[in-house]
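S.K.: the following comprises the amino acid sequence and a computationally predicted model.
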Amino acid sequence: MNEEEIKKVFTEKFPEKIEEKEVFDFSPAFQVDKSIILDVCKFLKESEALCFDLLSCMVGVDREDSFEVIYCLFSFDKKHKLTLKVPLPRENPEIESVTPMWKAANWHEREIAELFGIKFLNHPDPRGILLPEDWDEGYPMRRNWQGKDFIKRPDK
Amino acid sequence: MKALKTEEFEVNMGPHHPSTHGVCKFVLTMDGEQIIDLVPHIGFLHRALEKIAENRTYLQYIPFTDRIDYVSSMFCNYGFVLTLEKLAKIEAPERAEYIRVIVMELNRIASHLIWLGTFALDIGALTPFLYAFRERERIMDLFEMICGQRMTFNYIRVGGVSKDLPPEFIPKAKEFTRIFEPKVDEYENILTQNPIFLERAKGVGVLPRKLAIDYSVTGPNLRATGFKWDLRKEEPYSIYDRFDFDIPFGANSDTWDRYMVRIREMREANRIVKQALEQIPEGDFKKRVPVLFKPPAGEIYTRIESTRGEMGFYIISDGTTKPYRVKLRTASFSNLAALPEIARGCLIADLVAIFASFDVIMPDVDR
């Protein structure tokens, strides 16, 4: 399907709580409210017309006043793409895990949880992944993170 | 005779086990020789490359991309540069695109040769390692000729490549493509139908296609499941649509198929290099790009087919000289995540063969 058709199918199914965004090379992109993320992902994966079977990438972003989790989806069958963006509040960021839909989300979510401090609810294996086991210096990928040996370069 | 009593026990494999190709720890729950469960522990080589990106300008970050996957650095260079070029709407000169394809495909051969050598070594065959490194040495010499480096090249730049090909490169590269084809036959003579190798590889570590897609396994590991999928053909980037090449794929998704796909891929890569060396035009090798390179504000996600599968860069630009966020989507990270599923129920000796056939490289996993 081309972008317009995906947009149509998607907005018809979820008329509320979504907003269009722009991501080059991986469009269309939608901002989705976190309360419907499981329904949206279930629909994207299981709908015959869309059939997004590959979770190519998951990105955590610190937007200074909020957080964002980004899902880059691809369909091998239909050869189309879609990006989902879910904003999360600065205080107590939480979102449902999408591991039931794509097992690939497991490690990506562990990474985002560890580096950004975003909590994934109902995650099957909520351990850390990249940092040392005795790490106690907070969430290093947050923009305002201050580590013991971290020196921020001055802006030119 | 009384029946022997067995009980489960835990074994730590790694972090410094010779077959983990880097630093990776598996905690194995064993019942005798059989694996009941496998938990990979990664992160020993985590260098915070994504954090470093936020603290460097775009052009300063290119040498860091070399370190993502040091065995196939050209792809990491190119993936990052391609993403920036798409974001800033820059097109590299035609000669530069040809040079990029030549170096990338040579790098694919070099990377597969390392894989072939270590894979054979892990299952107990020493000779292919020596053979593979003999040919890889020639490729390293070619790379040294063009950029002075044998690894971590920092060669592909925004708008082109850092230096033009020296005049002696093309004859040398042509000579390599000519001698390489019979060398692949040589590797195959040692391994492909070797009964000991077949015993170790056929039917071992089967990864069903549905599971592979569920775990986002890509690259040769996905193609070994019989799925003909290659971004170079499906979404041609650079000038890959100008070359005639096939996509090798397997049928049984076992260790032997993963071996066969990579062997055939080396032949196809060699074919691409041959064609590119014939067609390469004269002209500029680099477009002028300002030293303080500022792509417009926006977000982009671009994928390329690296040696190990899909390599993606998600870049958020806020219009300044530094990226706001760079996310590295590496193939090995997702490929390794699928390993526990297929290792369960295998013998510990087979785990070594399966893990080696996956071609996971640890700096690529940990970033």
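M.R.: On my side now, so go ahead.

S.K.: is stretch A:129-145 in proximity to chain B?
M.R.: Yes. Residues of stretch A:129-145 contacting chain B under C-beta under 8 Å from any C-beta of the partner chain: A:Ile129, A:Leu130, A:Leu131, A:Pro132, A:Pro140, A:Met141, A:Arg143. Heads up, the C-betas are built off the backbone N, CA and C, glycines and all.

S.K.: tell me the buried residues within those.
M.R.: Buried subset of those (neighbour count, 16 or more other C-beta atoms under 10 Å in any protein chain shown): A:Ile129, A:Leu130, A:Leu131, A:Pro140, A:Met141.

S.K.: where does pLDDT dip in chain A?
M.R.: Across chain A, residues meeting the criterion (pLDDT under 70) sit at A:153-156.

S.K.: which parts of it are helices?
M.R.: For chain A, applying DSSP state H gives helices covering A:3-13, A:37-46, A:105-116.

S.K.: now the stretch 201-350 of chain B
M.R.: Remark: helices assigned in the stretch 201-350 of chain B by DSSP state H, counting those that start in this stretch are B:209-214, B:220-223, B:231-234, B:255-279, B:331-337, B:339-343, B:348-358.

S.K.: quick one: which two of the residues of stretch A:129-145 next to chain B are the most distant?
M.R.: For the residues of stretch A:129-145 next to chain B, the farthest-apart pair by C-beta to C-beta is A:Pro132 and A:Arg143; their separation is 22.0 Å.

S.K.: number of nearby residues for B:Thr218?
M.R.: Here the number of neighbours of B:Thr218 (other C-beta atoms under 10 Å in any protein chain shown) works out to 28.

S.K.: how about it, what does it touch?
M.R.: Residues in contact with B:Thr218 (C-beta atoms under 8 Å, 6 or more residues apart in numbering or on different chains) are B:Trp229, B:Gly309, B:Glu310, B:Ala331, B:Ser334, B:Asn335.

S.K.: specify the beta-bridge partners of the second one.
M.R.: Beta-bridge pairing for B:Gly309 (DSSP bridges): B:Ser306.

S.K.: what mean pLDDT does stretch B:271-284 get?
M.R.: When pLDDT is averaged along stretch B:271-284, the result is 90.

S.K.: follow-up on the earlier one: and among the helices of chain A, the most buried is which?
M.R.: Ranked by mean neighbour count, these are led by helix A:105-116 with a mean of 23 (mean count of other C-beta atoms under 10 Å in any protein chain shown).

S.K.: that one and chain B in contact?
M.R.: Yes. If you take C-beta under 8 Å from any C-beta as the test, helix A:105-116 does meet chain B, through A:Asn106, A:Trp107.

S.K.: quick one: residues in contact with that helix.
M.R.: For helix A:105-116, using C-beta under 8 Å, 6+ apart, the contacting residues are A:55, A:57-60, A:62, A:67, A:69, A:93, A:97-99, A:118-120, A:123-131, A:139-142, B:333-334, B:337.

S.K.: pull out the buried residues from those residues.
M.R.: When the contacts of helix A:105-116 are checked for burial by 16+ other C-beta under 10 Å, the buried set is A:55, A:57-60, A:62, A:67, A:69, A:93, A:97-99, A:118-120, A:123, A:129-131, A:139-142, B:333-334, B:337.

S.K.: circling back to that earlier point, how about the helices of the stretch 201-350 of chain B in TSV, adding distance to chain A?
M.R.: Formatted as TSV, the helices of the stretch 201-350 of chain B follow (distance: least, C-beta to the nearest C-beta, whole Å):
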stretch	distance to chain A
helix B:209-214	5
helix B:220-223	9
helix B:231-234	7
helix B:255-279	17
helix B:331-337	5
helix B:339-343	8
helix B:348-358	15
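
S.K.: and those as TSV, adding distance to B:Leu292?
M.R.: TSV is the format used below for those (distance: least, C-beta to C-beta, whole Å):
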stretch	distance to B:Leu292
helix B:209-214	42
helix B:220-223	40
helix B:231-234	32
helix B:255-279	33
helix B:331-337	32
helix B:339-343	43
helix B:348-358	41
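
S.K.: how about the residue of the stretch 101-250 of chain B found nearest chain A, what does it touch?
M.R.: With C-beta to the nearest C-beta, the shortest gap between the stretch 101-250 of chain B and chain A falls at B:Ser216, namely 3.7 Å. By C-beta under 8 Å, 6+ apart, the residues touching B:Ser216 are A:Leu54, A:Leu55, A:Ser56, A:Trp102, A:Ala104, B:Glu310, B:Ser334, B:Ala337.

S.K.: return the member of those residues nearest to B:Ile35.
M.R.: B:Ala337 (16.6 Å).

S.K.: pLDDT score for the closest one?
M.R.: You'll see B:Ala337 listed with a pLDDT of 90.

S.K.: excluding its backbone neighbours, what's nearest it?
M.R.: Distances taken as C-beta to C-beta, 6 or more residues apart in numbering or on different chains put A:Trp107 closest to B:Ala337, at 4.6 Å, once the chain neighbours are dropped.

S.K.: ok, now how distant is that neighbour from A:Lys34?
M.R.: Distance of A:Trp107 to A:Lys34, computed by C-beta to C-beta, to the nearest Å: 21 Å.

S.K.: got it, and B:His41?
M.R.: According to C-beta to C-beta, B:His41 and A:Lys34 sit 30 Å apart.

S.K.: and if you look at B:Val81?
M.R.: Per C-beta to C-beta, B:Val81 is found 34 Å from A:Lys34.

S.K.: likewise A:Phe26?
M.R.: As judged by C-beta to C-beta, A:Phe26 and A:Lys34 stand 20 Å apart.

S.K.: of these two, who's got more company?
M.R.: More neighbours surround A:Phe26 than the other of A:Phe26 and A:Lys34, with 22 against 16 (other C-beta under 10 Å).

S.K.: which residues are in contact with the more buried one?
M.R.: If you count contacts by C-beta under 8 Å, 6+ apart, A:Phe26 has them with A:Cys72, A:Lys81, A:Leu82, A:Thr83, B:Ile300, B:Tyr301, B:Thr302.

S.K.: what is the neighbour count of the nearest residue to the last one once chain neighbours are set aside?
M.R.: Spelled out, it's B:Thr302. Once flanking residues are discounted, B:Thr302 sits nearest to B:Thr83: 4.3 Å by C-beta to C-beta, 6+ apart. Applying other C-beta under 10 Å, we find 25 other residues in the vicinity of B:Thr83.

S.K.: other SSEs contacting the host helix or strand of B:Thr83?
M.R.: Under the criterion of DSSP states H and E, B:Thr83 resides in helix B:73-88. Contacts defined by 3 or more C-beta pairs under 8 Å, 6 or more residues apart in numbering or on different chains; DSSP states H and E place helix B:73-88 against helix B:58-66, helix B:94-122, strand B:156-157, strand B:298-306, strand B:309-317.

S.K.: OK, contacts around residue 94?
M.R.: As the question left the chain open, I've gone with chain A. Contacts of A:Glu94 by C-beta under 8 Å, 6+ apart are A:Lys34, A:Leu88, A:Ile118, A:Lys119, A:Phe120, A:Leu121.

S.K.: oops, wrong one, chain B.
M.R.: B:Ile239, B:Pro281, B:Gly283.
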